[in-house]
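Engineer: Structure of the sequence below:
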Amino acid sequence: MVEGYHDLARIKAIYPNTDVVITNGSEVSQTTLEELKQLNNQQGLILLLDPDMQGERIRRLINAYVGETKHAFIPKHKCISKNKKKVGIEHAKDEDIINALEHVRKSSIKDTKTITIKDLTKLGLVGSSDAKSKRQYLADYFHIGPANAKTFCKKLNMFNITLEDITHALEVK
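Structural biologist: The predicted model follows:
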């Protein structure tokens, strides 16, 4: 699942026999959501969306409607156009797309609150001078995309990442 035709062309250039569906941009129709739900039930979905605010909004919308899906992320700095004016999957290098699809994460629709903001604060991921860079490191490490503290906490829980996983990742940094 990608956002537009240029993204579709990039995926098809690397994986010609892969089924790719597009959202047609940020306005995901009810018809598209119904189709995605059916596809997800039949074979599952991998969401590879632009690393920007609209891509994240689409990701949340689809995941909430269709249920558990798989997610692939490419860091924003690897999706910037040559003229540095656009961000999108279509601007990523082949190896970055391949890497993202090799590190998909399955989401959970269960409302687990294994990790709290308090836990993240204790780990220096909230409220410290280097909290943002630590969250960015962990987002790259776990292939879940960057986020502010509150959204990062939700992502960690959604992808069933444990405190032990986080502690280990920070130790190998």
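Engineer: And the pLDDT at the residue sitting nearest the centre point of the chain?
Structural biologist: With distances taken as C-alpha atoms, centre = their mean, the residue of the chain nearest its centroid is Phe73 (4.2 Å). Note for Phe73: predicted pLDDT of 96.
Engineer: Phi first, then psi, for the nearest residue to it once chain neighbours are set aside.
Structural biologist: Leaving aside its chain neighbours, Phe73 sits nearest to Gly145 (4.0 Å; criterion: C-beta to C-beta, 6 or more residues apart in numbering). Any C-beta I mention is one placed from the backbone N, CA and C, and that applies to glycine too. Reported as degrees, to the nearest 10, the phi and psi values for Gly145 are phi 80, psi 140.
Engineer: For Gly145, give me its contacts.
Structural biologist: Listed by C-beta atoms under 8 Å, 6 or more residues apart in numbering, the contact set of Gly145 reads 51, 56, 71, 73, 75, 139, 155.
Engineer: Wait, the third one touches Val104, no?
Structural biologist: Think His71. Yes. The pair His71 / Val104 is scored as a contact, 6.4 Å apart, by C-beta atoms under 8 Å.
Engineer: can you pull out the helices in this protein?
Structural biologist: 5-14, 30-42, 53-66, 94-102, 117-122, 131-142, 149-158, 163-172 (DSSP state H).
Engineer: Show me what the first one is packed against.
Structural biologist: Contacts defined by 3 or more C-beta pairs under 8 Å, 6 or more residues apart in numbering; DSSP states H and E place helix 5-14 against helix 94-102.
Engineer: same for the helix it packs on, what does it pack against?
Structural biologist: Other helices and strands packing on helix 94-102, by 3+ C-beta pairs under 8 Å, 6+ apart, are helix 5-14, strand 46-48.
Engineer: Let me see the domain layout of this protein.
Structural biologist: For the chain, automatic domain parsing gives the domain ranges 1-109, 110-173.
Engineer: Contact partners for Thr116?
Structural biologist: Taking C-beta under 8 Å, 6+ apart as the test, what Thr116 contacts is Cys153.
Engineer: Please shift the residue numbers so they start at 263 in all later answers.
Structural biologist: Will do, 263 is the new start, and the previous item becomes Thr378.
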